[in-house]
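Asks: I would like to see how this sequence folds:
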Amino acid sequence: MLDRTVVDGLFPADLPEPAHWEERYPARELPEGAKVTRIGPSPTGFIHLGGIYVGMIDRDISSNTGGVYLVRIEDTDQAREVEGALEQFDRAFEYFHISADEDRNRGSYGPYVQSEREQIYLTYVRHLLRQDKAYLCFATKEELAAITSRQQGAKVPTGYYGKYALWRNADPADVAAKLAEGAPYVVRFRAPDDADGRRTSFVDAIRGRLEHEANRNDAVILKSSDQSPRLPTYHFAHAVDDHLMRVNLVIRGEEWVSSVPLHQQLFAALEFDPIEYAHIALLMKQIPGGKRKLSKRKDPEAGVDFYIGAGYPADAVLYYLRGLANGRLAELPLAEALSTPIQLDQCGVAGPLVDLVKLEDISADHIATLSGHQILDAVRVWAAEYDADLIPVLDNETELALRALAVERDGVENPRKDLRKWSDFRDAYGFFFTGLFVPVDGPADERLAPLGVAHDVVTAFAQDLVAGYEHLDDPQEWFNQIRGLAAKHGFAANAKEYKKDPDAYPGSIREASQLVRVAITGATRSPDLHATAQALGAPEVLRRLRSLAGL
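Replies: Numbers count the residues shown, from 1 in each chain. Coordinates of the predicted model:
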């Protein structure tokens, strides 16, 4: 065991004692049963859908128990930090309505960025060193690699433990000599002597009682002394931070289950009260022959910016995710599901599948319930960031946009569902706007080619329609003028008649009406043609029909 003066000499002279931090961060005054939850994104990458999934559950559990939800930036791995990650965190949390009660901009238990908490960590590292619950390790990379090689050759678990822990029981004189040389060192946690071969258990809020082999490894808790700032490893930082921030429920991915034995040991060594863990099943993706973890490297839909950039409504995505967390919520109407508390004991232990087709159906259903004004407001917000050219179009022709959105939506039992996300607006409704619509360029326009109608017939038919066009309110009467002209120009009255003798006709009434549809909308599929014409108005309809006629 190192002499206390040697230990203290390794740290700043004015470093506070643990009691200082305990007083600085007192127990929170919260209702009984209140949960303090946190999410700890690392700026080594952008947050992905799984992070929103866990953050959503964190936010829900804390708010429904009268607790606190905080965001702590875990940036101890500064060498791998990605530029723009912090801004992406803020954007994602705001978009999905899971902004924290406390974060790096607000809260009394900060700093909420780990790289700014160096003094706090050093206090507790010194505390463990003084009690011989931690020790200095001067093992080099080469020595560590040799240890791993020996272990692999002996077919024993790899790690720094027992006889492989070179500096665990080092002579204090050898340690002093290394310090005198200025050799860099890390600080390792001294795993309990009885850990090897022992089992430990804990109760998971989702999975119930779990049992694992106790941790035998002397884990690094403070990184190399030749680095500045002196930062801890994740395992040690999370133990100190969760205790001082008074977190009492940690919700995280199931990949951390195997770390609980080490975390239990750290909490015990630091004399902290243990906290509750809930390990969430990871989001999965269906692949041929099975499923795998949703990957932010392989799957675009794993990235949060995929959903924000495409303009998926946040409420639709949250509704979908809540249904993945608790299956019963998927059976409720959206508004009710968003307000019904998530129950941890109803979270499954099998990874739920992320199905974009299902999400888009949910999103389309949700958008179909919104008013035209709500849709336009949402599209404007999205377009300001991702389709700026759309903004002046919407602003200059707001009334037209509202009329367009009303087609087959207002006053009908089953509203049209052609918007699944805000980025669909241009494709679904762009043809209504003169600034976005490209008129048909006469009978030879390639969009008319699939109809197979001779150019001279198209021209004659369109010219007659322009000459006598009536902008009638009654849908049937309006269509009858097309039907009458189709008959005049030799089109069959129906598809069955046309199929009997296709050489006798230029097409059927279907082809004739499709000529009008393509002229007015630019496509062979569109909302109800009469309703579309009414929304556009007579002058614009005639302008487009003249283009069909080549006038």
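
Asks: rest of the way, CA atoms for contacts and neighbours
Replies: Noted.

Asks: what comes up buried for stretch 297-311?
Replies: By 16 or more other Cα atoms under 10 Å, the buried positions in stretch 297-311 come out as 301-305, 307-309, 311.

Asks: average pLDDT for that stretch, rounded please.
Replies: Across stretch 297-311, the average pLDDT comes to 92.

Asks: ok, and what's touching it?
Replies: By Cα atoms under 8 Å, 6 or more residues apart in numbering, the residues outside stretch 297-311 that reach it are 46-50, 52, 92, 95, 294-296, 356, 382, 386, 421-423.

Asks: distance across that stretch, terminal residue to terminal residue?
Replies: 21 Å (Cα to Cα, to the nearest Å).

Asks: for the stretch 151-300 of the chain, what spans make up the helices?
Replies: 172-181, 234-244, 260-269 (DSSP state H, counting those that start in this stretch).

Asks: which one, of those helices, ends up nearest to Leu472?
Replies: helix 234-244 (70.0 Å; Cα to Cα).

Asks: quick one: that closest one to helix 260-269, angle?
Replies: Inter-element angle recorded for helix 234-244 and helix 260-269: 50 degrees (by axes from the mean of the first three to the mean of the last three Cα atoms, to 10 degrees).

Asks: so which of the helices of the stretch 151-300 of the chain comes closest to Glu397?
Replies: helix 234-244 (53.3 Å).

Asks: neighbours of Leu472, how many?
Replies: Using other Cα atoms under 10 Å, Leu472 has 15 neighbouring residues.

Asks: ok, it - contacts?
Replies: Contacts of Leu472 by Cα under 8 Å, 6+ apart are Trp478.

Asks: before we move on, the earlier item: which one of the buried residues of stretch 297-311 is nearest Tyr319?
Replies: Tyr307 (13.9 Å).

Asks: and the strands in the stretch 151-300 of the chain?
Replies: For the stretch 151-300 of the chain, the strands defined by DSSP state E, counting those that start in this stretch cover 186-189, 199-204, 208-213, 220-222, 249-253, 276-280, 284-287, 290-293.

Asks: could you export those strands as a markdown table, including distance to Ala519?
Replies: Shown next, in a markdown table, are the strands of the stretch 151-300 of the chain (distance: least, Cα to Cα, whole Å):
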| stretch | distance to Ala519 |
| --- | --- |
| strand 186-189 | 74 |
| strand 199-204 | 63 |
| strand 208-213 | 64 |
| strand 220-222 | 71 |
| strand 249-253 | 54 |
| strand 276-280 | 54 |
| strand 284-287 | 42 |
| strand 290-293 | 46 |
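
Asks: ok, which of those strands comes nearest Glu116?
Replies: strand 220-222 (14.9 Å).

Asks: neighbouring contacts of the closest one?
Replies: 125, 186-189, 230-233, 235-237.

Asks: host element of Phe425?
Replies: According to DSSP states H and E, Phe425 maps onto helix 425-429.

Asks: sorry, back to before: how about JSON lines for the helices of the stretch 151-300 of the chain, with distance to Ala34, mean neighbour count and mean pLDDT added?
Replies: Rendered in JSON lines, the data for these read as follows (distance: least, Cα to Cα, whole Å; neighbours: other Cα atoms under 10 Å; pLDDT from 0 to 100):
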{"stretch": "helix 172-181", "distance to Ala34": "47", "mean neighbour count": "13", "mean pLDDT": "95"}
{"stretch": "helix 234-244", "distance to Ala34": "15", "mean neighbour count": "20", "mean pLDDT": "96"}
{"stretch": "helix 260-269", "distance to Ala34": "21", "mean neighbour count": "19", "mean pLDDT": "96"}
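
Asks: what's the closest of these to Ile61?
Replies: helix 234-244 (16.7 Å).

Asks: hang on, the earlier thing: now the helices of the stretch 151-300 of the chain as TSV including distance to Asp103?
Replies: As requested, the helices of the stretch 151-300 of the chain are exported to TSV (distance: least, Cα to Cα, whole Å):
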stretch	distance to Asp103
helix 172-181	39
helix 234-244	13
helix 260-269	24
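
Asks: quick one: which of those is nearest Leu376?
Replies: Comparing the helices of the stretch 151-300 of the chain under Cα to Cα, the one sitting nearest is helix 234-244, at 43.2 Å.

Asks: what angle do the closest one and strand 249-253 make?
Replies: 150 degrees.

Asks: go ahead and name everything in contact with helix 234-244.
Replies: 21-22, 25-26, 74, 76, 109, 114, 121, 124, 221-222, 248, 262-263, 266-267, 272-273.
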